[in-house]
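Visitor: after the sequence you'll find the predicted model.
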Amino acid sequence: MAMTSDETTKICSHCDRAIPSSNIDLHFAHCSRNLERCKVCGDMVPRKYAEEHFLNTHAPVACSQCSETMEREILAIHKGEKCPQRIVTCDFCEFPLPAVDLAEHQEVCGNRTELCHLCNRYIRLRERYNHESRCTGVPENTVGSSRYVCLCFTRAIVT
Ligand SMILES: [Zn+2]
Ligand SMILES: [Zn+2]
Ligand SMILES: [Zn+2]
Ligand SMILES: [Zn+2]
Ligand SMILES: [Zn+2]
């Protein structure tokens with residue numbers, strides 16, 4: 001069996017840790033003088049580093065991209081999903097740009113047209129995704145000429 005389970009321990013009233021009874025007085029003297037409990041995370045921190053601990057661990061931090069100050073816990077989410085200065089890529093041209101400019105850029109970029117090689121028509125980039133799944137693959141000139149092929153056939157379907 002482990003040594004510690006045989007030894008009687010006492011709980012230090014300052015740090016709540018189990019301390020061997022033989023050491024408790026010494027420990028408590030040292031503990032109460034040198035350590036303090038962080039009010040935020042509950043960790044025992046050396047008194048002289050308490051401020052440093054707070055600043056390094058809990059103090060609000062500034063986003064390196066937009067310099068907005070926020071709680072440390074949300075910084076990662078902010079940088080990844082919320083920061084207006086985070087770099088995102090345009091859906092249409094895959095150009096990297098700050099999120100704050102994306103809407104305006106895509107407004108312009110999505111209105112550019114590109115030739116669909118399947119149907120030979122110019123498709124707006126913003127519609128291209130939809131178009132690709134619906135594209136008949138029939139070049140426009142063929143579609144046009146088929147209109148004149150057989151009128152009586154179309155009439156037959158209507159009636
Ligand atoms: Zn203690
Ligand atoms: Zn803390
Ligand atoms: Zn930011
Ligand atoms: Zn673009
Ligand atoms: Zn097409």
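Guide: Right, received. Where do you want to start? Ligands and ions are numbered 1, 2, ... in the order given.
Visitor: find the centremost residue of this protein, please.
Guide: If you average the C-alpha coordinates of the chain and look for the closest C-alpha using C-alpha atoms, centre = their mean, you land on residue 80, 3.3 Å from that point.
Visitor: my read is it is in a helix, agree?
Guide: Yes - Residue 80: assigned to a helix according to DSSP: H, G, I helix; E, B strand; the rest coil.
Visitor: wait, it sits on residue 87?
Guide: No - between residue 80 and residue 87 there is no contact under C-beta atoms under 8 Å: 10.8 Å. C-beta here means a position set from N, CA and C on the backbone, and glycine is covered the same way.
Visitor: lowest-confidence helix or strand of the protein?
Guide: For the chain, counting by mean pLDDT, DSSP states H and E, helix 151-158 ranks last in confidence among helices and strands (a mean of 46).
Visitor: counting neighbours, what do you get for residue 102?
Guide: Burial measure for residue 102: 19 neighbouring residues, criterion other C-beta atoms under 10 Å.
Visitor: and for the one 10 residues further on?
Guide: Using other C-beta under 10 Å, residue 112 is surrounded by 13 other residues.
Visitor: for the residue lying closest to it once chain neighbours are set aside, give me its contacts.
Guide: Distances taken as C-beta to C-beta, 6 or more residues apart in numbering place residue 125 nearest to residue 112, at 5.2 Å, with adjacent residues excluded. Counting by C-beta atoms under 8 Å, 6 or more residues apart in numbering, residue 125 touches 92, 93, 109, 110, 111, 112, 113, 114.
Visitor: gap between residue 125 and residue 132?
Guide: The gap separating residue 125 from residue 132 is 11 Å, by C-beta to C-beta, to the nearest Å.
Visitor: try residue 96
Guide: For residue 96, the distance to residue 132 - C-beta to C-beta - is 24 Å.
Visitor: same thing with residue 79?
Guide: Spatial separation of residue 79 from residue 132 under the definition C-beta to C-beta is 33 Å.
Visitor: more neighbours: these two, which one.
Guide: Ranked by neighbour count (other C-beta under 10 Å), residue 79 and residue 132 place residue 79 first, with 16 against 11.
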